[in-house]
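Engineer: no sequence on this one, just coordinates:
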């Protein structure tokens with residue numbers, strides 16, 4: 001797994017950690033990398049890997065058993081779980097991981113999600129490919145265009161294209177005395193794109209995260225309900241998570257988006273749905289596994305890994321199931 005530093009995660013809500021626990025329960029060998037550990041030796045992708053053991057203990061949740069450096073194409077499965085921002089270093093890492101998919105003798109590792117999909121599917125923009133599912137939206141650098149869109153819609157959410165966790169999200173209405181500085185900040189004085197979407201009042205009932213495994217939805221969503229006086233439901237912004245069965249509209253949106261996720265090689269994604277509208281498709285490091293598992297007795301990470309294992313060919317399968325050292 002390629003991820004952020006494991007010493008800094010919060011295991012109670014970390015989906016990458018849920019995947020590590022599920023893999024370990026299956027007897028898989030765990031190897032841990034950060035972006036610092038990836039390299040190219042000529043055309044071949046290599047990694048400095050630390051063998052990892054994990055435990056569901058908030059005080060002592062991991063230990064390293066050893067370290068090795070080897071070609072990434074010798075691995076069976078690589079989970080790319082680095083959090084945004086999707087900056088140039090993130091993009092360079094996806095190019096290295098692309099090389100891991102091929103070995104000198106044939107197929108290499110299965111990389112999830114597909115590196116090209118991580119480059120192409122901006123989490124704010126890719127949702128706009130499904131206009132029948134989305135609220136009225138505008139992406140622009142132009143402050144004048146944003147002002148005109150606000151006058152047309154009457155109530156907007158503005159957000160940067162590269163943010164996560166609710167950072168730098170603003171709700172604006174006509175006459176807002178801070179509108180000018182908000183537009184200047186989000187567009188960096190007209191030099192950076194931002195997304196504007198019509199405000200959806202149903203945010204009061206929660207911003208639902210629907211997890212998708214190979215294009216199929218988990219049957220429950222986590223509704224992230226804003227604190228009093230807030231318009232952001234993100235858990236990182238203080239929202240409260242409440243599990244709910246998927247609605248008919250949730251299933252319609254998942255059915256609309258699922259085939260495209262499969263086509264792009266996006267094995268695990270998180271759809272953000274407010275009311276009847278799709279607002280984002282999260283593909284880099286979607287979360288909410290642990291909360292849904294705890295509320296409904298699920299094993300979402302295990303279901304994902306079982307689907308991935310079934311996709312591996314027989315030589316990879318024999319390596320994947322090699323036992324952990326005693």
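Structural biologist: Yep, that arrived. As the structure is a prediction and not an experimental result, all values here were calculated from the model.

Engineer: same question for stretch 84-100, mean pLDDT?
Structural biologist: Per-residue pLDDT values across stretch 84-100 average out to 95.

Engineer: which regions of the stretch 51-200 of the chain sit below the pLDDT cut-off?
Structural biologist: For the stretch 51-200 of the chain, the stretches with pLDDT under 70 are 164-166.

Engineer: all strands for it, in order.
Structural biologist: Secondary structure of the stretch 51-200 of the chain (DSSP state E, counting those that start in this stretch): strands located at 62-71, 77-79, 102-103, 106-107, 110-112, 137-140, 156-160, 170-172, 194-198.

Engineer: Direction included, what does the third one pair against?
Structural biologist: The one in question is strand 102-103. Here strand 102-103 has these sheet partners by DSSP bridges: strand 106-107 (antiparallel).

Engineer: Figure out how far the strand it pairs with is from the centre of its chain.
Structural biologist: Relative to its chain's centre, strand 106-107 lies at 27 Å (CA atoms, centre = their mean, to the nearest Å).

Engineer: now stretch 92-111
Structural biologist: 21 Å.

Engineer: got it, and stretch 39-46?
Structural biologist: That offset, for stretch 39-46, works out to 26 Å (CA atoms, centre = their mean).

Engineer: Just the buried positions in stretch 158-170, please.
Structural biologist: 158-164, 166, 169-170 (16 or more other CB atoms under 10 Å). The C-beta positions use only the backbone N, C-alpha and C, and glycine is treated the same way.

Engineer: Ignore what I typed, I meant stretch 294-312.
Structural biologist: Applying 16+ other CB under 10 Å to stretch 294-312 flags 298, 300-305, 308-309, 312 as buried.

Engineer: can you give me the helices in this structure?
Structural biologist: 15-25, 88-99, 115-120, 143-153, 179-187, 248-264, 289-296, 300-311, 314-320 (DSSP state H).

Engineer: can those helices go into TSV with extra columns for distance to residue 219?
Structural biologist: Shown next, in TSV, are those (distance: least, CB to CB, whole Å):
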stretch	distance to residue 219
helix 15-25	17
helix 88-99	31
helix 115-120	24
helix 143-153	33
helix 179-187	36
helix 248-264	9
helix 289-296	8
helix 300-311	10
helix 314-320	27
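
Engineer: This completes my enquiry, with thanks.
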